[in-house]
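Trainee: any chance you could fold what I've pasted below:
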Amino acid sequence: MDTITTSTSAEWEAGRADLRARLWQLLGDLPPIITPQVKILDRGERDGCIVEHIAFDNGAGATVYGFLLLPPDLKSPAPAILYNHQHGHKYELGKNELFQDWLIEGIMPGPALVKAGYGVLAIDAYCFAERQTQGPAGDAETGAATEQALFKHFLWQGSTLWGRIVRDDLLALNYLLTRPEIDPERVGVTGMSLGGSRTTWLAALDGRPRAIVPVAQMNRYRDFAATGRYNLHSIYYYLPGALKSGIDMEHLVALTAPRAQAILVGGADPLSPLAGIVKIEAFARSIYALYGQESRFEVAIQPGLDHKYTPSMFASMLEFFNHHLKD
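Mentor: Alright, predicted model coming up:
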C-alpha cells in the first residue's frame, strides 16, 4: 500500500492508466479483448424468467457457455447484472448457481434479480459446468484436474489461468452491453468468493460497470500470505510476482472510485483476513474522499461470519443495486 500514494483526484486519475497497465502485466500474455459472436442455443421460461442458453467462441480456443435471464414482461431496456459464480470446488455447478437456493439460504439469485427487474448474465468460468473438460487432456480430465492442468498450461505460455478467467468475464460484459433489452448505462457486477474476486478485478480493469458488489471476498494478498494458509484459495487465484508488484487488493478496489461499490464480507472469513480488510477499506475510502464520493463506498463486515453468503447480505446487495442502478 505504501508504494502508491496520492493526494488529489487529479493525481489519482493521472496514475490510473499506469496502475491498470500493471494489473494487466500481472495477468500475463492474453489474447485481445473482443466482443464475441454469440449463439443462442435454446430459449425458454424457467422460474419466472426468460432464459437463453448461450455460447460463444472466446477467440482463445475455448467455447464459453452462459445463461442470459430476462424479465418476461420487459417493455423497455432494463438494468442488468453480470453475475459471477463461486468456486467452492463445485465444478459441476458454474452458471447453474443462478437457480440454486442453498448458497443463499432459500434464495435463487437469478430469479430473485429478474423479479426485481434486472437482466442477468452468468457464464461458466474455465473448468466449470459445461467447461469441465476444456483442458489440455480434453475428456480425460474434468473439474479439479482440468483446473490444475490449465494453470500449468497457461503458465508455460506466459499467461495465467486467472487472466483467462477475467478475460472471459470482460467478453461477457461486452456482449451484455450489446443486447437491446439492456440499458448499457445501468449495469452492475456481483458474485461471491471466486465470483467476488472476478467482480473486483473486472471493475478495476473496466470503467463501464456502474455499481459493484463483491461478496465474501476481500482478500489483501500480503495479509493472507502472512497467515500461511495458501491452500484455502484454489490454484487459479495465484499470479506470478503479485507480492513483489507493489499492488494489492486496496488498489483494485480504489480503481472503482468514484463508481458505487459495496463490499459485503464476514469478519471471521479465513479467506479474507480482517486485518487486510481494514487496510483495504482505509485506502479505498481515502480515494473516494478525493472525489467527494464517500457515500458511494460501503463496507459491511458481518461480525463472526465466516465464508458465507447470507440472505441479509443478498438483501443488502439488491438494495444497493436498486439505489444506484434504478433510482
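
Trainee: can you pull the buried residues of the host helix or strand of L69?
Mentor: L69 is located in strand 63-70, with elements delineated by DSSP states H and E. The neighbour-count check on strand 63-70 (16 or more other Cβ atoms under 10 Å) flags 64-70 as buried. Yep, even glycine has a C-beta here, placed from its N, CA and C like the rest.

Trainee: check which helix or strand V189 maps to.
Mentor: Here V189 is assigned to strand 182-192, by DSSP H and E.

Trainee: can you name the element that comes right after that strand?
Mentor: helix 194-205.

Trainee: same for the helix or strand just after that following helix, what does it pack against?
Mentor: Under the assignment DSSP H and E, the closest C-terminal helix or strand after helix 194-205 is strand 211-215. For strand 211-215, the elements it packs on are strand 182-192, helix 194-205, strand 260-266, helix 311-325, judged by 3 or more Cβ pairs under 8 Å, 6 or more residues apart in numbering; DSSP states H and E.

Trainee: just give the nearest non-adjacent residue to L68, would you?
Mentor: E52 (4.4 Å; Cβ to Cβ, 6 or more residues apart in numbering).

Trainee: kindly report the same for G48.
Mentor: Computed as Cβ to Cβ, 6+ apart, the closest residue to G48 that is not its neighbour in sequence is P111, at 5.3 Å.

Trainee: can you check T35 too?
Mentor: Once flanking residues are discounted, T35 sits nearest to N174: 4.2 Å by Cβ to Cβ, 6+ apart.

Trainee: for the host helix or strand of the one you found, buried residues please.
Mentor: Here N174 is covered by helix 161-176, with elements defined by DSSP H and E. Residues of helix 161-176 classed as buried by neighbour count (16+ other Cβ under 10 Å): 161-173, 175-176.

Trainee: in the protein, where is pLDDT below threshold?
Mentor: 1-5 (pLDDT under 70).

Trainee: what residue is smack in the middle of it?
Mentor: In the chain, the residue lying closest to the centroid (Cα atoms, centre = their mean) is T199, at 2.1 Å.

Trainee: list the contacts for that one?
Mentor: 84, 189-191, 212-214, 217 (Cβ atoms under 8 Å, 6 or more residues apart in numbering).

Trainee: sounds good, over and out.
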